[in-house]
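Undergrad: what's the 3D shape of this:
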Amino acid sequence: QRKTKAAFGSVGRKIPYRILHVINQDGESLGNMHRAEALKLMDEHGLKLVLLRENVEPPVYRLMTGQQIHEEQLKRAEKKKASPKPGMYIKELSFSSAIAKNDLETKTKQIAQWIEKKHHVKVTIRQAK
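TA: Numbering: from 1, shown residues only. Below you'll find the predicted structure:
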């Protein structure tokens, strides 16, 4: 039983599949090839093989530089940070641009309390009629 892939990164030389679909570092398809050919190509160009999709037949690997791998990891981390985590609440507050001063103060206090509780807060301001 294989472990599931924890993070995006180079797979090194341990590739469990015999036939791979390989994409070069520019995003162009090199077609299906044997694992040995892909490793030879990887060594010739000084690149790393990265698994993109393993649910398809044959699995898709991409040749990438270390810099490209690092950039992709940063992108994925940002995307993961942006998505709300389970148990995290997004509080939404909406008010008019013609709001009274005391109402505005009350709502800002409420927003401050939510932020202290680590809730994500979305504020919508509607234009007064």
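
Undergrad: can you map out the strands along the chain?
TA: Assigned by DSSP state E, the chain shows strands spanning 19-23, 29-34, 48-53, 60-64, 90-96, 120-126.

Undergrad: Of these, give the one that comes closest to residue 112.
TA: For these, proximity to residue 112 was assessed by CB to CB; strand 120-126 is nearest, at 9.4 Å. To be clear about C-beta, it is placed using only N, CA and C from the backbone, and glycine gets the same treatment.

Undergrad: now that closest one against strand 90-96, angle please.
TA: Comparing the axes of strand 120-126 and strand 90-96 via axes from the mean of the first three to the mean of the last three CA atoms, to 10 degrees yields an angle of 20 degrees.

Undergrad: Let me have the strands of the chain in JSON lines, adding distance to residue 107 as columns.
TA: Output for the strands of the chain, formatted as JSON lines (distance: least, CB to CB, whole Å):
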{"stretch": "strand 19-23", "distance to residue 107": "51"}
{"stretch": "strand 29-34", "distance to residue 107": "54"}
{"stretch": "strand 48-53", "distance to residue 107": "46"}
{"stretch": "strand 60-64", "distance to residue 107": "48"}
{"stretch": "strand 90-96", "distance to residue 107": "6"}
{"stretch": "strand 120-126", "distance to residue 107": "9"}
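
Undergrad: just those: most buried one?
TA: A comparison of the strands of the chain by mean neighbour count, using mean count of other CB atoms under 10 Å, puts strand 60-64 on top with a mean of 21.

Undergrad: Could you name the helices and strands sitting against that strand?
TA: Applying 3 or more CB pairs under 8 Å, 6 or more residues apart in numbering; DSSP states H and E, one finds that strand 60-64 makes contact with strand 19-23, helix 35-45, strand 48-53.

Undergrad: repeat that for 10 Å
TA: strand 19-23, strand 29-34, helix 35-45, strand 48-53, helix 66-82 (3 or more CB pairs under 10 Å, 6 or more residues apart in numbering; DSSP states H and E).
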